[in-house]
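K.L.:
Need a 3D model of the sequence below.
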Amino acid sequence: MGIAGRRRRADFFKYRAASSDQLPGRRVASELGVTTSGPTSAEALDMLSTGIVLADRTGQMVRRNAAADALVDSWDDGVVGRRVLERLSDAVRPGASATIEQVRTPGVQPRVYEVTVRPVGVGSPIGQTSNGAVALFDDITERVRVEAVRRDFVANVSHELKTPVGAISLLAEALEGERDLEVVERLTGRIGNEARRVSDLVEDLLDLRSIEEGDVGGATTVDLVEVAAEVLERVQPLAQRRGVSMEAGLPAVARVIGNHAQLLSLLRNLLENGVKYSDAGGSVQLDIAKNGDEMVVRVADRGIGIPQRDHDRVFERFYRVDRARARDTGGSGLGLSIVRNVVQGHRGSVELASQEGEGTTVTVRLPVGLVPLGADL
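P.N.:
Numbers count the residues shown, from 1 in each chain. Got it, this is the predicted structure:
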């Protein structure tokens with residue numbers, strides 16, 4: 001190609017570039033510092049999970065990516081769409097600054113979006129003029145939910161620890177200088193009870209943390225009959241104090257692939273719950289049996305039972321049906337949450353059947369040969 005040909009080719013591409021810059025979307029995007037020199041720029045924006053909207057100097061939307069359309073309920077009459085467009089219009093006004101806010105949609109299952117809008121200006125700080133605005137927004141519903149759970153968790157732990165620790169402090173003050181042996185024995189007994197509440201809560205918290213984070217070790221062959229025998233021996237003193245009998249129907253062996261510490265915690269919490277929420281003279285029945293490829297663990301009591309309205313919530317952390325009763329029993333409100341997490345980690349299922357005033361039955365089904373999720377073998 002000669003010199004004249006190369007000049008004509010250069011002039012052609014210069015004309016193409018100048019013509020492309022006249023497109024409103026590309027011109028505004030260029031002014032806002034967004035590279036749009038080819039189809040890959042639009043593809044790159046569309047690959048982002050964050051919603052991005054560009055507005056010109058009049059505040060009118062000139063470009064948006066695919067995530068923006070996916071996240072916005074409606075650009076015409078939707079809550080999120082209207083708020084984004086309103087904030088873009090505000091951002092191009094003289095003296096406007098960046099804004100960040102949370103927008104919640106109405107409905108049975110509301111979503112929460114974080115909307116950030118930033119004006120883009122040119123010129124000196126004194127004489128700056130608007131050259132458009134950009135809006136970025138994300139669905140933060142899950143993040144908001146997790147933060148709420150963490151706040152509730154901290155508040156609940158603080159409350160649960162404050163009650164027995166405060167009681168221990170008051171009982172110790174009452175004990176100081178006391179000479180009556182009968183009173184001393186009664187006060188020391190109550191101090192021991194409150195200390196056990198603190199110990200049980202801390203143990204449950206450590207169990208729950210370990211189970212949720214999966215840092216209790218690897219999976220091995222576990223005989224649930226041996227685990228049950230260990231748990232029955234451990235829970236027996238509590239049952240005797242409350243006047244509740246425990247019975248067990250166990251096979252010769254009941255082996256599963258699982259985590260010994262977690263399965264021990266599962267059975268302990270099921271049996272302790274049954275004992276704590278049974279009245280004197282009541283009984284708790286533990287049965288373990290193989291059914292096909294599953295090992296079925298069933299714990300039934302004839303205690304106070306759970307109202308139907310609470311069935312869906314009893315597996316939540318710190319949720320108690322009767323808080324007054326929980327204070328008497330010393331329950332932490334973590335037992336069934338631990339059970340649920342252990343079952344999920346072992347790829348099993350848990351079922352609750354209960355009627356107020358007639359008792360509760362919890363049935364756990366564990367696969368015999370599957371390795372738990374996240375097991376470190």
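K.L.:
can you give me phi and psi for the closest residue in space to L71 that isn't next to it in sequence?
P.N.:
Leaving out its chain neighbours, the residue that sits closest to L71 by C-beta to C-beta, 6 or more residues apart in numbering is G51, at 4.6 Å. Every C-beta, even on glycine, is put in place using the N, C-alpha and C of the backbone. G51 adopts backbone torsions of phi -70, psi 130, taken as degrees, to the nearest 10.
K.L.:
Please apply the same query to D46.
P.N.:
Main-chain dihedrals, D46, degrees, to the nearest 10: phi -70, psi -20.
K.L.:
Next, the contact list for it, please.
P.N.:
The contact partners of D46, by C-beta atoms under 8 Å, 6 or more residues apart in numbering, come to 65-67.
K.L.:
switch the cut-off to 6 Å
P.N.:
Counting by C-beta atoms under 6 Å, 6 or more residues apart in numbering, D46 makes contact with 65-66.
K.L.:
Starting from Q240, give me the distance back to it.
P.N.:
Separation of D46 from Q240 (C-beta to C-beta, to the nearest Å): 67 Å.
K.L.:
same thing with L250?
P.N.:
For L250, the distance to Q240 - C-beta to C-beta - is 20 Å.
K.L.:
need the helices for the stretch 1-150 of the chain, in chain order.
P.N.:
Assigned by DSSP state H, counting those that start in this stretch, the stretch 1-150 of the chain shows helices spanning 3-21, 24-31, 39-47, 66-71, 79-91, 141-175.
K.L.:
Could you point out the helix or strand that follows the longest one?
P.N.:
Counting by DSSP states H and E, the element after helix 141-175 in chain order, helix or strand, is helix 181-213.
K.L.:
what's that following helix packed up against?
P.N.:
Judged by 3 or more C-beta pairs under 6 Å, 6 or more residues apart in numbering; DSSP states H and E, helix 181-213 is in contact with helix 141-175, helix 335-345.
K.L.:
how far is the first one from where the chain is centred?
P.N.:
Offset of helix 141-175 from its chain centre (C-alpha atoms, centre = their mean, to the nearest Å): 18 Å.
K.L.:
tell me the angle it makes with helix 181-213.
P.N.:
Counting by axes from the mean of the first three to the mean of the last three C-alpha atoms, to 10 degrees, helix 141-175 lies at 160 degrees to helix 181-213.
K.L.:
Likewise for the shortest one?
P.N.:
Orientation of helix 335-345 against helix 181-213 (the same axes, to 10 degrees) gives an angle of 30 degrees.
K.L.:
buried residues in helix 335-345?
P.N.:
Residues 335-343, 345 are the ones in helix 335-345 that count as buried (16 or more other C-beta atoms under 10 Å).
K.L.:
what number of residues lie near the closest residue to G78 other than its chain neighbours?
P.N.:
Distances taken as C-beta to C-beta, 6+ apart place V72 nearest to G78, at 5.9 Å, with adjacent residues excluded. When neighbours are counted by other C-beta atoms under 10 Å, V72 registers 21.
K.L.:
With A172 instead?
P.N.:
Neighbours around A172, by other C-beta under 10 Å: 12.
K.L.:
Could you do A252 as well?
P.N.:
So A252, with other C-beta under 10 Å, has 6 neighbours.
K.L.:
From L264, how far off is it?
P.N.:
20 Å.
K.L.:
what residues are up against the closest residue to A70 other than its chain neighbours?
P.N.:
Distances taken as C-beta to C-beta, 6+ apart put G51 closest to A70, at 7.7 Å, once the chain neighbours are dropped. If you count contacts by C-beta under 6 Å, 6+ apart, G51 has them with 67-68, 71, 137.
K.L.:
rewinding a little: pretty sure the residue nearest to G78 contacts R82?
P.N.:
No: in this structure V72 lies outside contact range of R82 using C-beta atoms under 6 Å: 9.4 Å.
K.L.:
one step back: any idea what the residue nearest to L71 is bridged to?
P.N.:
Taking DSSP bridges, one finds F137 as the beta-bridge partners of G51.
K.L.:
How about the contacts made by the nearest residue to L264 once chain neighbours are set aside?
P.N.:
Nearest residue to L264 in three dimensions, chain neighbours excluded: V227, at 5.4 Å (C-beta to C-beta, 6+ apart). Counting by C-beta under 6 Å, 6+ apart, V227 touches 263-264, 267.
K.L.:
Can you read off the pLDDT for V227?
P.N.:
Per-residue pLDDT puts V227 at 94.
K.L.:
Please, which helix or strand holds it?
P.N.:
Secondary structure (DSSP H and E) places V227 in helix 224-242.
K.L.:
what residues are up against the residue nearest to V144 when sequence neighbours are not counted?
P.N.:
Leaving aside its sequence neighbours, V144 sits nearest to V112 (C-beta to C-beta, 6+ apart; 4.8 Å). Shown in contact with V112 (C-beta under 6 Å, 6+ apart): 102, 104, 140-141, 144.
K.L.:
Need the worst-confidence member of those residues.
P.N.:
Least confident entry in the contacts of V112, by pLDDT: V144, with 86.
K.L.:
Can you classify T361 as helix, strand or coil?
P.N.:
In three-state terms, and counting by DSSP: H, G, I helix; E, B strand; the rest coil, T361 is strand.
K.L.:
so who does it touch?
P.N.:
So T361 contacts 300, 353 (C-beta under 6 Å, 6+ apart).
K.L.:
burial count for V165?
P.N.:
The local packing of V165 (other C-beta under 10 Å) involves 14 other residues.
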